[in-house]
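structural data only, the sequence is not supplied:
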């Protein structure tokens, strides 16, 4: 399992715009480099990121081989109700990781 770092508020007022920042520790091999013996290293990248707020998709991004190692994303959404934000990273070789955070919305 990869190491993630997520920065998001634990509470927000209804209707408030909140910022969510997330990064995941991943080496991101492009598939274009070779090792010391000249053999091409197989591609291993994060291809897709998504965030669901109580099951509804609020942000998604597709990534390609030019993305850096340990990709960092920041985005905004509106706090509508208390619930769960599910952040999912998907990549090559069947890689998938989901982290859930809880948001409490007050009137």
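Received, thanks. Because the structure is predicted, anything quoted here is derived from the model rather than measured.

neighbours around residue 38, how many?
The burial count assigned to residue 38 is 6, neighbours taken as other Cβ atoms under 10 Å. No exception for glycine: its C-beta is placed from N, CA and C like everyone else's.

all further residue positions should be reported with the first residue as 48.
Sure thing, new numbering starts at 48, so read that last one as residue 85.

the top strand by length along the chain pairs with which strands, parallel or anti?
Counting residues, the longest strand found in the chain (DSSP state E) is strand 143-153. Partners of strand 143-153 in the sheet, by DSSP bridges, are strand 58-60 (parallel), strand 130-138 (antiparallel).

redo the ones you listed as CSV? Include distance to residue 72, mean neighbour count and mean pLDDT.
As requested, the strands paired with strand 143-153 are exported to CSV (distance: least, Cβ to Cβ, whole Å; neighbours: other Cβ atoms under 10 Å; pLDDT from 0 to 100):
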stretch, distance to residue 72, mean neighbour count, mean pLDDT
strand 58-60, 27, 14, 97
strand 130-138, 11, 18, 97
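
the residue of the chain most remote from its centre: what's it in contact with?
Taking Cα atoms, centre = their mean, the residue of the chain most remote from its mean C-alpha position is residue 84, at 33.6 Å. By Cβ atoms under 8 Å, 6 or more residues apart in numbering, residue 84 lies in contact with nothing.

tell me which element it is part of?
In the assignment (DSSP states H and E), residue 84 maps to no helix and no strand.

I figured residue 52 hits residue 70, correct?
Yes. The pair residue 52 / residue 70 is scored as a contact, 5.0 Å apart, by Cβ atoms under 8 Å.

what about these two, which has more around it?
In this view residue 52 and residue 70 are compared by other Cβ under 10 Å, and residue 70 has more residues nearby, 15 against 12.

residue 115 reaches residue 74, doesn't it?
No. Using Cβ under 8 Å, residue 115 is not in contact with residue 74, being 10.5 Å away.

what sits against residue 110?
Contacts for residue 110 were tallied using Cβ under 8 Å, 6+ apart; they are 92-96, 118.

filter the residues you listed down to just the ones in strands.
Within the contacts of residue 110, residues falling in strands by DSSP E are 93-96.
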